[in-house]
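Trainee: need a structure here:
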Amino acid sequence: MEYEPKSIHTYFNSDLLDIYACDVDIRITEFPESADRNWLYYFGLTINFTLPNEWSHGGFQWSGTHEFKDSGNKGVNWGGNSNQTGCGGINNEPCAWECHKWYHYLVRRVDDENDQQKYHRWLFTIRDYDTGEEIEYGTVRTKSPNIVCRNTMVFTETGYGVRCDSPKVRVEWRNPNFSTPAGRFSPKRIVANYNGTCVNPKNTNQNLLSDSPLYWFHETNTTRITPPNTVLWPI
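Mentor: Okay, here's the model as predicted:
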């Protein structure tokens, strides 16, 4: 049986109490030259809120199920999944991304001045470091008032038709930060985890490349060296 690689997860943990924004850089360094448009590739940033099971994510995606199916381009697509209320897209046009370029993911809380109960909206944006262009992709409105970000996860997902022995996908991440009223802070620790179904040697792997600055990779179709639940940082 040919399994699909599924997801590679890296969690950012923090003991900060009022996180209103989180950000991280991403660079895709290996991607199939002739990927099947019916396959799914997703490079996402997930925020988990202060109440259990409240989360949302958005990021780069190649998928035959979205607007850029017939464009032949790699694209950015809002959303993925959310269990929040008031989830909506802003930019409905796909925006092509390029390999070997750094992009900046940012999710920030946006106050809704018209809501007397002080529910918050969270805005997902991606910025191209080369051009400085920042595109707003979507918002999430939390179910409960005064909610804040509890922690964050980044993930690389290759599934829905992408076999374990498919061409390798490699994604690099760097400089994760949380923002609070007191300033910007690095996560307290970074933990590797997996949701994969492949068996060695065709598996998924991740590991730290540098601890200053914080810099690590996700990789498919490779030999897993880092066990699940490994604390990548601090080392």
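Trainee: identify the bridge partners of Gly138.
Mentor: Gly89, Phe124 (DSSP bridges).
Trainee: typo on my end, Met153
Mentor: Assessed by DSSP bridges, Met153 has beta-bridge partners Tyr11, Thr46.
Trainee: what's near enough to touch it?
Mentor: His9, Thr10, Tyr11, Phe12, Leu45, Thr46, Asn48, His57 (C-beta atoms under 8 Å, 6 or more residues apart in numbering). (Each C-beta comes from the backbone N, C-alpha and C, glycine too.)
Trainee: burial check on the first one, number of neighbours?
Mentor: What it means is His9. Neighbour count of His9, defined by other C-beta atoms under 10 Å: 22.
Trainee: tell me the spacing between it and Val191.
Mentor: Separation of His9 from Val191 (C-beta to C-beta, to the nearest Å) stands at 9 Å.
Trainee: thinking again about what came up before, what's the closest of the contacts of Met153 to Tyr20?
Mentor: Relative to Tyr20, the closest of those is Asn48; by C-beta to C-beta it sits at 14.0 Å.
Trainee: can you tell me the element the closest one falls in?
Mentor: Here Asn48 sits within strand 40-49, counting by DSSP states H and E.
Trainee: by contact count, what packs against that strand?
Mentor: Using 3 or more C-beta pairs under 8 Å, 6 or more residues apart in numbering; DSSP states H and E, the elements in contact with strand 40-49 are strand 21-30, strand 55-62, strand 102-111, strand 149-159.
Trainee: and the angle for the shortest one with strand 21-30?
Mentor: With axes from the mean of the first three to the mean of the last three C-alpha atoms, to 10 degrees as the basis, strand 55-62 and strand 21-30 are set at 30 degrees to each other.
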